[in-house]
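Chemist: Build me a structure from this.
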Amino acid sequence: MTDLRPLRTETERAGRRPRRWLVLVGGVGLTLALTACTAPLPDVTFYGNRAAVSSGPTRWCTLDYTAQTVNCTETPADQAPRLSLRPGQPVQINVPSAVADQPWTVYFGYINEAGELQTGRSEIFSDGRLAYTLHPFNETDQFVYVEVRSGFELTPGTAGGVEYASTQGWSLRVDPAAPAAGTNE
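Modeler: Alright, predicted model coming up:
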């Protein structure tokens, strides 16, 4: 039997090689470009009073252990996401696994019944917990801010010894909400 396909000349075969190289080089270039991209920074979601807001990091520090330097980017407090809550209302906090895979905690401030600003902190979560509900101590307490902190690093203490400093943070500002209809709050 005779092969009816035309024979390719050396010139025709050589013309295909550059295309193969282009595909190979292009594929390698695309792979390098994709691996050079950095992952987006994680968001934390705050939920309360039937509303949710997401917060990108309001504090993010990178550490250079060789140069022993810290470079932090911080968002001004007045630019943090806001949520309206009434006195006594809780805040649910949802963190992604990028945060839950390391120790994290919640710092908060509230106005008590006497009108005094009080501060507090939750326990430190190191068990992969993805959510936490922050309840006020009393029905009259009004949250004013809530902040998730993680990325703890040992730093020299101000009075000697060492302290843990957070290198990552997500903030929420709380606006007092109007009392619910039909209540005397």
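
Chemist: So what sits opposite residue 111 in the bridge?
Modeler: Beta bridges link residue 111 to residue 117, residue 142 when assigned by DSSP bridges.

Chemist: nope, residue 106 is what I was after
Modeler: Beta-bridge partners, per DSSP bridges, of residue 106: residue 148.

Chemist: Who are the contact partners of it?
Modeler: With contacts taken as Cβ atoms under 8 Å, 6 or more residues apart in numbering, residue 106 has the following neighbours: 93, 121, 122, 132, 134, 146, 147, 148, 149. For glycine as for every other residue, the C-beta is placed from the backbone atoms N, C-alpha and C.

Chemist: what number of residues lie near the closest residue to the second one other than its chain neighbours?
Modeler: It refers to residue 121. Nearest residue to residue 121, sequence neighbours excluded (Cβ to Cβ, 6 or more residues apart in numbering): residue 107, at 5.1 Å. When neighbours are counted by other Cβ atoms under 10 Å, residue 107 registers 16.

Chemist: before we move on, what about residue 115?
Modeler: 7.

Chemist: can you pull out the strands in this protein?
Modeler: Secondary structure of the chain by DSSP state E: the strands cover 44-48, 51-55, 59-64, 69-74, 82-85, 91-94, 104-111, 117-121, 131-134, 142-156, 162-176.

Chemist: Give me the distance between the second one and the centre of its chain.
Modeler: For strand 51-55, the distance between its averaged C-alpha position and the chain's averaged C-alpha position is 12 Å (Cα atoms, centre = their mean, to the nearest Å).

Chemist: Next: the third one.
Modeler: Its chain's C-alpha centre and that of strand 59-64 lie 13 Å apart, by Cα atoms, centre = their mean.

Chemist: What strands line up against it, and which way round?
Modeler: Within its sheet, and counting by DSSP bridges, strand 59-64 is paired with strand 69-74 (antiparallel), strand 162-176 (antiparallel).

Chemist: Next: the fifth one.
Modeler: When pairing is defined by DSSP bridges, strand 82-85 lines up against strand 162-176 (parallel).

Chemist: Name the spans of the protein whose pLDDT lies under the cut-off.
Modeler: 1-36, 180-185 (pLDDT under 70).

Chemist: mind redoing it with 90?
Modeler: In the predicted model of the chain, residues 1-39, 63-71, 77, 153-165, 177-185 satisfy pLDDT under 90.
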